[in-house]
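Undergrad: Here's a sequence, model it:
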Amino acid sequence: MHYTSHYSSPLGEILLAAAGEGITGLWFVGQKYFAHNLDEETVEEETPLLTRARDWLDVYFSGKEPDFTPPLHFLGTPFQNEVWKILATIPYGTTMTYGQIAMILAKRRGGRCVSAQAVGGAVGRNEISLIVPCHRVVGTSGSLTGYAGGIAKKVELLTMEKAMRREFFIPAASSAF
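TA: Numbers count the residues shown, from 1 in each chain. Next up, the predicted model:
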């Protein structure tokens, strides 16, 4: 059973979801892959987990780095979960490339090659955006691509975290809207 709650952020309405042991979803309403793994039947109810996630969002949108993380529960494939756990380690105010994440995974797998494109697919399907900061992942060239919440939100989030760099650019064609 999933419990859900809505949060009004400066960047738009957010849907939060939790089940048993942790937060399972945090999506900007209308984003790509919106509520993809959410049960068809949910209960709109403020639970302690959802309250904790709302507290995290309050700190985050005040322009500060939260000093806590609500419990998380990933609902993806084993590969997606590996990628999302790496995303969760990207520090506030910094970025990482898809290629860097692929290299981390390759090292963990004993040197077996992992494609940056496969990493990009997993990053784009991150179900717990913001807390699991997929907006902090950029292309090797500085391309701001692939954010399911939309490139404009990615720019706003990176700017808010003071992670926006002069060399970052919005590509002419993007996999996100």
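Undergrad: can you list contacts of the lengthiest helix in the chain?
TA: Ordering each helix of the chain by length in residues (DSSP state H) puts helix 48-61 first. Residues outside helix 48-61 that contact it (CB atoms under 8 Å, 6 or more residues apart in numbering): 3-5, 7, 9-10, 14, 16, 18, 22-23, 26, 65-71, 130-131, 160. For the C-beta atoms, the positions are set from N, CA and C on the backbone; glycine is no exception.
Undergrad: could you flag which of those residues are buried?
TA: Buried members of those, scored by 16 or more other CB atoms under 10 Å, are 3-5, 7, 14, 16, 18, 22-23, 26, 66, 70, 130-131, 160.
Undergrad: The residues you listed in strands, which ones?
TA: Secondary structure defined by DSSP state E assigns Tyr3, Thr4, Ser5, Tyr7, Ile14, Leu16, Ala18, Gly22, Ile23, Leu26 of those to strands.
Undergrad: Sort out which residues of the longest helix of the chain are buried, please.
TA: Of the residues in helix 48-61, those buried by neighbour count under the rule 16+ other CB under 10 Å are Leu49, Leu50, Arg52, Ala53, Arg54, Trp56, Leu57, Tyr60, Phe61.
Undergrad: Alright, calling it a day.
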